[in-house]
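S.K.: Just a sequence and a predicted model for now, questions to come.
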Amino acid sequence: WMNGLSRISGWIPVSQQIGESVTFIEPRLVVDNEGNLGGNFLLGHREYDDDQERLWAGYLYVDVREAERGVCDQLGLGMETLGDKWDVHLNGYIPIGTCRKTLEENFFSTGGGVNSSANFVENQLVLSETQGAVRTFTDQVAVGGFDLGGTFELAEWDDGDGDLRAHAAIYHLGAIGIDDAFGWRLGLEARPVEQIVLGVMYQEDEMFGSNVMASITASLPRVRPKDDVLEEFERNFEVVERLGEPIRRNHTIVMNTISGREDDLIEIEEPLFNPQNGTDENPGAYRFIHVDLGAASNGDGTAESPYNNIDDALADASDNSGTALGNPETAENQIVYVDASSSPDIDAFEIPAGVRVLSQAPTQILNGSNDAFSTFDQVP
């Protein structure tokens, strides 16, 4: 599931009855090969069953892992039974929230615009178009699930201080937005001496494919009851001494990196630009000053509230021209647009430099462009 990790952990009894039960905590710090930190905190309880000469345990835990774009959290719970020759372990892994971090994403249009329109909004001619869009992404997502496995003793030596065990398990992996996967694993664990465990494992699933893992675990000598204490209770020593074993589970949050594509429709709205002047910083959108000569009241020159006379519109255009505002590169963007629906007689007027006067009487052509759309050589 990952290239490699190192961990340091503890096993601390909180309360216990010698040879019978123990409540314990397991704090653990994990570091992967990329330097990302993680860890977990586990609270567990084990009981010795006199009739079956087995240990039964239940536990809860919280996992934390640092990912490339944040931190992910996970809750877990599990149960196990440990014996002299065979064990069974069941663990559940539940990511908190939707731990999905976007590592990379790109957007681009597929063209083929539909529902194109052009409408005046305040002092701009706004071009609208619905376009096909594609988002490509690479996400890192926390994967939950469960595993069910067993270990079986194949051989032992040094009065049980060394042994060879086989491990087999099935598991399930799942997360929101990705396909679930089932897998299996097989492995061997050799404990040449009490404090050293060497392991090799092969696993295969539909999400990560085939993987081979090797591990080396070193631990401090365990403190265990003396033989005469156990003999007094007539307990199986090799089982009872396992009250202090660490829990067998996956000690880090599983992360999967996925790539995909999402198709959508997006609405693009941008003003019409003057292609003959302007800069990258100031592309020079046309500014329309609207005039309705038949209006009962005088407005502010927007499409929603036009002026009712030419003189105010020309003054507005002159005051807001690029030359007047110190931006000569946008000097040609002021257009007085006259509604001829009820046109009274008007006096002659002088058009200021850098200002154009258009009307609705004949169809008139205006050169324009827009980065988000195709270039409009002429817009009527």
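M.R.: Yep, it's here. Numbering: from 1, shown residues only.
S.K.: what residues are up against the closest residue to residue 297 other than its chain neighbours?
M.R.: The shortest distance from residue 297 to any non-neighbouring residue, by CB to CB, 6 or more residues apart in numbering, is to residue 308 (6.7 Å). Any C-beta I mention is one placed from the backbone N, CA and C, and that applies to glycine too. By CB atoms under 8 Å, 6 or more residues apart in numbering, the contact list for residue 308 reads 291-299.
S.K.: Nearest to residue 58, out of those: which one, please.
M.R.: Residue 58 lies nearest to residue 299 out of these, by CB to CB, at 75.7 Å.
S.K.: Neighbours of the closest residue to the closest one other than its chain neighbours, how many?
M.R.: The shortest distance from residue 299 to any non-neighbouring residue, by CB to CB, 6+ apart, is to residue 305 (3.1 Å). Using other CB atoms under 10 Å, the number of residues around residue 305 comes to 14.
S.K.: does residue 305 sit in a helix, a strand or a coil?
M.R.: coil (DSSP: H, G, I helix; E, B strand; the rest coil).
S.K.: what ranges do the helices span in the stretch 101-250 of the chain?
M.R.: Here the stretch 101-250 of the chain has its helices, by DSSP state H, counting those that start in this stretch, at 227-233, 237-240.
S.K.: Now tabulate the contacts of residue 308 in JSON lines and tack on distance to residue 128.
M.R.: Output for the contacts of residue 308, formatted as JSON lines (distance: CB to CB, whole Å):
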{"residue": "291", "distance to residue 128": "24"}
{"residue": "292", "distance to residue 128": "24"}
{"residue": "293", "distance to residue 128": "28"}
{"residue": "294", "distance to residue 128": "28"}
{"residue": "295", "distance to residue 128": "26"}
{"residue": "296", "distance to residue 128": "31"}
{"residue": "297", "distance to residue 128": "29"}
{"residue": "298", "distance to residue 128": "29"}
{"residue": "299", "distance to residue 128": "24"}
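S.K.: Considering those residues, which member attains the minimum pLDDT?
M.R.: For the contacts of residue 308, the weakest pLDDT value sits at residue 294, with 80.
S.K.: And for that one, the neighbour number?
M.R.: For residue 294, the neighbour count with other CB under 10 Å is 12.
S.K.: Kindly report the same for residue 206.
M.R.: Residues lying near residue 206 (other CB under 10 Å) number 11.
S.K.: tell me what the lengthiest helix in the chain is packed against?
M.R.: Secondary structure of the chain per DSSP state H: the longest helix is helix 310-319. Here helix 310-319 touches strand 287-292, strand 334-339, strand 355-359, going by 3 or more CB pairs under 8 Å, 6 or more residues apart in numbering; DSSP states H and E.
S.K.: shaky segments in the protein?
M.R.: 1-3, 111-115, 222-235, 276-283, 322-332, 340-344, 361, 369-380 (pLDDT under 70).
S.K.: Next, the buried residues of stretch 5-18.
M.R.: 5, 9, 11, 18 (16 or more other CB atoms under 10 Å).
S.K.: which ones are touching the first one?
M.R.: Read it as residue 5. Applying CB under 8 Å, 6+ apart to residue 5 gives the contacts 30-33, 252.
S.K.: 10 Å instead, please
M.R.: For residue 5, the contacting residues are 30-34, 36, 38, 215, 251-252, by CB atoms under 10 Å, 6 or more residues apart in numbering.
S.K.: How far off centre is the helix or strand containing residue 80?
M.R.: Assigned by DSSP states H and E, residue 80 falls within strand 70-82. Mean-position distance between strand 70-82 and its chain equals 21 Å (CA atoms, centre = their mean, to the nearest Å).
S.K.: Show me how far the next helix or strand after it is from its chain's centre.
M.R.: Note on strand 70-82: by DSSP H and E, the next helix or strand toward the C-terminus is strand 86-95. Offset of strand 86-95 from its chain centre (CA atoms, centre = their mean): 26 Å.
S.K.: Partner strands of strand 86-95, with direction?
M.R.: strand 70-82 (antiparallel), strand 124-157 (antiparallel) (DSSP bridges).
S.K.: who's in contact with the residue nearest to residue 299?
M.R.: Here residue 305 is in contact with 122, 290, 292, 295, 297-299 (CB under 10 Å, 6+ apart).
S.K.: From residue 33, how far out is the residue minimising distance to the centre of the chain?
M.R.: Centroid check for the chain by CA atoms, centre = their mean gives residue 101 as the closest residue, at 2.2 Å. In this view, residue 101 and residue 33 are 19 Å apart by CB to CB, to the nearest Å.
S.K.: go on, residue 143?
M.R.: For residue 143, the distance to residue 33 equals 19 Å [CB to CB].
S.K.: Also residue 193?
M.R.: 28 Å.
S.K.: now residue 110
M.R.: From residue 110 to residue 33 the distance is 40 Å (CB to CB).
S.K.: Drop anything exposed from the contacts of residue 5.
M.R.: 30-32, 36, 38, 251-252.
S.K.: so what's residue 54 up against?
M.R.: Taking CB under 10 Å, 6+ apart as the criterion, residue 54 is in contact with 47-48, 81-84, 86-88, 236, 239, 242.
S.K.: Just grab the bridge partners of it for me.
M.R.: For residue 54, the beta-bridge partners are residue 49 (DSSP bridges).
S.K.: Residue 141 now?
M.R.: residue 100, residue 256.
S.K.: Tally up the residues packed near the residue nearest to the residue nearest to the centre of the chain when sequence neighbours are not counted, please.
M.R.: Nearest residue to residue 101 in three dimensions, chain neighbours excluded: residue 69, at 3.5 Å (CB to CB, 6+ apart). Applying other CB under 10 Å, we find 12 residues neighbouring residue 69.
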